[in-house]
Every structure is written in structure tokens, then in C-alpha cells.
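Peer 1: predicted structure and sequence below. I'll ask about it afterward.
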Amino acid sequence: MDKIPIPSYEATDLPSSVQRLSIYPGPALSNSSRVTRSTSIASFSNSNTTKHRCRSLVSLCLGVLGRHLEDVIEDLSEIAVIYPPDIKMTLLGIAKRRGLLSDSVLLALVDCSWELLDISGSDVTDAGLQNVAEICLRLKAVDISRCNQLTSNSIRALLQKCHSLEILRCGGTPLSDFNARRCIDFLKPKLNEVEEDSWEELDSKDITTGARALRWLIWPSIDRDSSDCLNLECPRISVNPSTLCYRGVSVPREALPGIVLDAQIVEDIDPKTWTINAAPRLKTLNEKKGSEPGMLPKAELFRLAFVERDERLAPKRAKNMRQHQRRAEREFIRSDTGAKSLFLASLAQKSLRK
């Protein structure tokens, strides 16, 4: 049987043959068309992968739970016991975006290992934030902006208990700005209110520095007087840093303007979780009257200002009273012979004991 001759190809003929090979149906494509088409397919594949990236099974389950979160709020404290800290924080972010975040939800999900807390725009009150400050002692970044139910008392408790707090985001509404202004004095280094009259009598525990670790304050609507006061008396706190490097120090991501503090925590959750069937927010008394949300009546503002002034002047009044009392005792000793003799006798007795 005759052998069929097999054509031989040179090594240089193979690349040209492969180049002439067309895997696309239809008319032949030029080299430039093939490059353009392959590039467009690759870019479409990358964009399609980015837009439709498969979510993890945990994220899908949290999305389902988030859509029905209002149905399990009453039993959330019992359910969340078995959840790890990151799952609890994700549920907290979903509850905040659905308008369901309150004291009960916050205390049901809080975990002592948290270093970040975002309750912005929620209905959390002083009681809830103060309890969190007692539990989460490792907090480093907190966002309490647009929280109209909070007052300066809970903000001061947060700054006093959380010694690792470096980033604080506040303000956003007239009431939040008012409460933030009331906390400026606590940010400054100062002494505790003590009864001793000289530095030699002070104990080390009587000396404090207010917010010890705070370095970044994000307060977009800060007034000029408050800003000047912080820059002058507390220069270690950087207010509203706008660049990645501020005063030679790199600014952390959580301190940049326009950043949502818990955005990375819920980035894998379907946004439909909090956009569909969102729970309606309860209207405050001011919103029902048609006034600006978060704005207190003028009478209440005057009352709060008077209370603040009274609290600020109370230690000074007590000190003046003690000084007046000691001055009156000295005048009585000088004027009365019997009292003077008793005073000298007590001094003599003390010297004999030594």
C-alpha cells in the first residue's frame, strides 16, 4: 500500500498560518478589527464581572434578614447572641439605613470588640449611647451626625469612657450642631473640679485632658468661633481635614469628608435590602408642625442655654462660697478674744504633738 505523502511545514510558516486563522463567523476581519474586537470583549467581560459580581452566601442571607428586620426586632437580642461581631455590625448598618435603629436595636447588637460605630441619622438616645460607651471601650471611630435625640451628656460620656477614640463625626442638623458646641469645653485640656486651694494638694487623678486620644473632628457645619477656639486651645485636634495629608500626617479614610463610616461593612449587601419596603421614619413634633427638622423652639433653646451657663458657673459659685466662709471665720477669730485664744491653743497643741 502506497504511503500518502505528508506535506512538511517550516517553523516559520506556523505563526503565519495561525494569524490567518479566523475563529469569527462572517466576513474575514483585518488585524486591526480583530484587536479592536478582542479588546472590546475583554473590557465588556471585566465590566460585566464588576457589575454582577456574585455575592457571598452570608451576604445573601443577611439581605433576606434585613428585608424582614422589623419582624424580628422584638427577639433580636436572643437571635444576635450567636452572631459574630462583624455580622452584628452589618445588621446595625442595615437597620440604620432602613430607619429602624433605636436604643433597643443598638443594645441588642452591640459587641465589646467593636472599634467602629456609625449611628448617624438614627433615633438613638442618650441612654443607648451611654450604655454603648460603657461596653465598647475600644471604639476608635464614631459617627453621631444628624442624631437629634442625643444631647451633650451622652457625647461627653462617650469621650470620657472611650479613651481610644480618635475620629468623631458630628453635626449635620441645627440641634446636633448645638450639642456639639456644648461639648467644646470638654475637648480642651483642663483640671477636674477640685476643692483644694493649691497644686501641692492635688492628686494625680484630679488632672485630666478631656478627650485624650481624639485627633480628627469631622464637623462640616462648624461655626467660625468654635473652629477658632479649637485651633487655638486644642491644636492637636484637626477639624475637617480635606486632603490625604494634613499637617504632615496622613489622614485616615474614616476622617475624610463625604465618607460613610460603615460603607465598607455593607458593600456586599444588596442595596434593595433598604430601598424596598423601607420603614417610615417617625415624625418629630417639629416636623409635624412644619418647621425645620431638628430645630428646637426658641424657648427651649433659651432654657438649655441657661442650664448650660448655670452648670458652668456652679463650681465657681461653690469656690466663692468656701472662700467667703473661710474669710468670715478668720475675721471672727481676729475680732473675738475667746475665739482667738482657742485658735492659738490649738496651734500650740499641734506643735507639741510634733
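Peer 2: Thanks, I have it.
Peer 1: let me see the ranges of the helices in the stretch 1-150 of the chain.
Peer 2: Assignment of helices within the stretch 1-150 of the chain using DSSP state H, counting those that start in this stretch yields the ranges 13-20, 31-51, 57-67, 76-79, 85-97, 103-109, 126-135.
Peer 1: next, name the residue at the spatial heart of this structure.
Peer 2: What sits nearest the mean C-alpha location of the chain, by C-alpha atoms, centre = their mean, is Val142, with 1.5 Å.
Peer 1: so who does that one touch?
Peer 2: Contact analysis of Val142 by C-beta atoms under 8 Å, 6 or more residues apart in numbering lists 116-118, 158, 162, 165, 167-169. All C-beta atoms are positioned from the backbone trio N, CA, C, and that covers glycine.
Peer 1: can you point me to the longest helix in this structure?
Peer 2: helix 298-335 (DSSP state H).
Peer 1: which strands or helices does the next helix or strand along the chain from that one pack on?
Peer 2: Following helix 298-335 in sequence order, the next helix or strand is helix 337-353 (DSSP states H and E). With contacts defined as 3 or more C-beta pairs under 8 Å, 6 or more residues apart in numbering; DSSP states H and E, helix 337-353 has these neighbours: helix 298-335.
Peer 1: which parts of the helix it packs on are buried?
Peer 2: Going by neighbour count (16 or more other C-beta atoms under 10 Å), the buried part of helix 298-335 is 304, 333.
Peer 1: could you do stretch 226-240 as well?
Peer 2: Buried residues in stretch 226-240, defined by neighbour count with 16+ other C-beta under 10 Å: 226, 229-230, 234, 237-238, 240.
Peer 1: what of stretch 113-133?
Peer 2: 114-126, 128-133.
Peer 1: quick one: low-confidence ranges for this structure?
Peer 2: Counting by pLDDT under 70, the chain contains low-confidence ranges at 1-52, 189-210, 245-247, 276-296, 354.
Peer 1: measure Asp270 to Asp86 for me?
Peer 2: Separation of Asp270 from Asp86 (C-beta to C-beta, to the nearest Å) stands at 17 Å.
Peer 1: settle it for me: which of these two has more neighbours?
Peer 2: Neighbours were counted for Asp270 and for Asp86 using other C-beta atoms under 10 Å; Asp270 has more, 17 against 13.
Peer 1: what about that one, helix or strand, and which?
Peer 2: Short version, using DSSP H and E: Asp270 is in no helix or strand.
Peer 1: ok, now how distant is it from Lys96?
Peer 2: Shown here: Asp270 relative to Lys96, a distance of 16 Å by C-beta to C-beta.
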